[in-house]
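> Sequence and computational prediction follow.
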Amino acid sequence: GENVEQHPSTLSVQEGDSAVIKCTYSDSASNYFPWYKQELGKGPQLIIDIRSNVGEKKDQRIAVTLNKTAKHFSLHITETQPEDSAVYFCASYRGSNYKLTFGKGTLLTVNP
Amino acid sequence: KAGVTQTPRYLIKTRGQQVTLSCSPISGHRSVSWYQQTPGQGLQFLFEYFSETQRNKGNFPGRFSGRQFSNSRSEMNVSTLELGDSALYLCASSSEGGSGELFFGEGSRLTVL
């Protein structure tokens, strides 16, 4: 079945620095790649996504890149702030399966 | 627009009991999915429903079941609870289910003693 590997599992940065989280997927038929942010005691919140026909997407301080050939996609957060501290999950989706396959998550800590 | 609503938010059961969790999707969304989140296994897909039909099911035993009603609300049931069923159960809704854009509720935290 589909597998999504996510690295690193923990990431600590200073406020204002950039943070990068990387994921790889195994199913070449996957065509949608969302990123979720989960704060303590809450459900995952969709923060950005990218479809397989696009190589890069940006939304203010957050960007996602996709390399279909290598089956890699990454989340980039610039000018990090303490409120960015949370667990981030990448996921892959194939429309015919109607399910998301998640990475194991990255605990991001932004130190003031 | 109201988000995905899950009830109850917290519950404690003992081994052997059964539990029913409820999910109300975002208004207008017809697809509802359920996921189990545990520290060890992460987020695992349980099942997905669209217009009262289950379109996919994850690798969980038959003790886990679900259904969707004509108003798109969904329930999942776990029978003969085991300690390992302790988890956060998350419901997500999507407009059609084929686009991948899933919006999650806050979850129902189940503790099995």
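Sure, I can see it.

> can you list the residues of chain B near chain A?
B:4, B:31, B:33, B:35, B:42-43, B:45, B:48, B:50, B:55-56, B:58, B:90, B:97-107 (Cβ under 8 Å from any Cβ of the partner chain). Yep, even glycine has a C-beta here, placed from its N, CA and C like the rest.

> what's the single longest strand in chain A?
Ordering each strand of chain A by length in residues (DSSP state E) puts strand A:86-94 first.

> contacts for that strand?
A:2, A:4, A:6, A:21, A:23, A:25, A:27, A:29-40, A:44, A:47, A:73, A:75, A:99-103, A:105-108, B:42-43, B:100 (Cβ atoms under 8 Å, 6 or more residues apart in numbering or on different chains).

> Which of these fall within strands?
Going by DSSP E, the strands hold A:4, A:6, A:21, A:23, A:25, A:32-38, A:47, A:73, A:75, A:99-102, A:106-108, B:42-43 from these.

> got the buried residues for stretch A:23-40?
Neighbour counts using 16 or more other Cβ atoms under 10 Å in any protein chain shown place A:23-25, A:27, A:30-38 of stretch A:23-40 among the buried residues.

> nearest to chain B, of these?
Within those, proximity to chain B (Cβ to the nearest Cβ) peaks at residue A:32, which comes in at 3.6 Å.

> For the closest residue to that closest one other than its chain neighbours, the count of nearby residues, please.
Take residue A:32 and drop its neighbours on the chain: the residue closest to it by Cβ to Cβ, 6 or more residues apart in numbering or on different chains is residue B:100, 3.6 Å away. Around residue B:100 there are 22 other residues, counting by other Cβ atoms under 10 Å in any protein chain shown.

> Then residue A:66?
Neighbour tally, residue A:66, other Cβ under 10 Å: 21.

> Once you drop chain neighbours, what's closest to the residue sitting nearest the centre point of chain B?
With distances taken as Cα atoms, centre = their mean, the residue of chain B nearest its centroid is residue B:34 (3.3 Å). With sequence-adjacent residues excluded and distances taken as Cβ to Cβ, 6+ apart, residue B:34 is closest to residue B:46, at 4.0 Å.

> List the contacts of that neighbour.
B:33, B:34, B:35, B:36, B:57, B:58, B:60, B:64, B:66, B:76, B:89.

> Of those residues, which is the most crowded?
Neighbour max across those (other Cβ under 10 Å) = residue B:33, 28 neighbours.

> Run through the chain and note the low-pLDDT ranges.
Using chain A. For chain A, applying pLDDT under 70 flags no range at all.

> The chain in question should be chain B.
Residues of chain B that meet the cut-off, pLDDT under 70, sit at B:1, B:97-98.

> how about a cut-off of 50?
For chain B, no stretch is flagged by pLDDT under 50.
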